[in-house]
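J.: Any chance you can model this:
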Amino acid sequence: QVQLAESGGGLVQAGGSLRLSCTASGLIFSDYDMGWFRQAPGKERELVASINWSDGRTYCTDSVKGRFTISRDNAKNRVYLQMTNLKPEDTAVYYCTARGGLKAGWPYGKYDYWGQGTQVTVSS
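T.: Sure, this is the predicted structure:
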């Protein structure tokens, strides 16, 4: 049974930083692309960042480029999202996701497994 467990969310003032962590179990972690999605109230879910399984290439959506960094530690089965210079518009539930590494079209397409999500709230 695959499980993705997020941690690190919380309340922070604008301009602050948070680091989200996700620990995966039940899968061969190094064989999976890992991603972070977010969903704000009344908005569609969006892909925030992803990291490729084979060469560690990273992707960040335009609105977070230069502020967010995704990384992974295959030895610990963990993926991280370092968020800096946070803005109120970053407020959302953030989800850790995993996508089979042999699928074409990274970083897009269907992600196979999802965590429960962690709330990030940025106050102005």
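
J.: With adjacent residues omitted, what lies nearest to residue 90?
T.: residue 122 (5.2 Å; C-beta to C-beta, 6 or more residues apart in numbering). Using the backbone N, CA and C atoms, a C-beta is placed for each residue, glycine as well.

J.: Can you name the helix or strand that the one you found falls in?
T.: For residue 122, the host element (DSSP states H and E) is strand 118-123.

J.: Residue 14 and residue 40: what is the separation?
T.: In this view, residue 14 and residue 40 are 15 Å apart by C-beta to C-beta, to the nearest Å.

J.: where do the strands sit along the protein?
T.: Under the criterion DSSP state E, the chain contains strands at 3-7, 10-13, 18-25, 32-39, 46-51, 58-60, 68-73, 78-83, 92-100, 113-114, 118-123.

J.: Output the ones you listed in CSV; the columns should cover distance to residue 106 and mean pLDDT.
T.: Compiled in CSV, the strands of the chain are given as follows (distance: least, C-beta to C-beta, whole Å; pLDDT from 0 to 100):
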stretch, distance to residue 106, mean pLDDT
strand 3-7, 18, 98
strand 10-13, 30, 98
strand 18-25, 17, 98
strand 32-39, 5, 98
strand 46-51, 7, 98
strand 58-60, 8, 98
strand 68-73, 13, 98
strand 78-83, 14, 98
strand 92-100, 7, 97
strand 113-114, 15, 98
strand 118-123, 24, 98
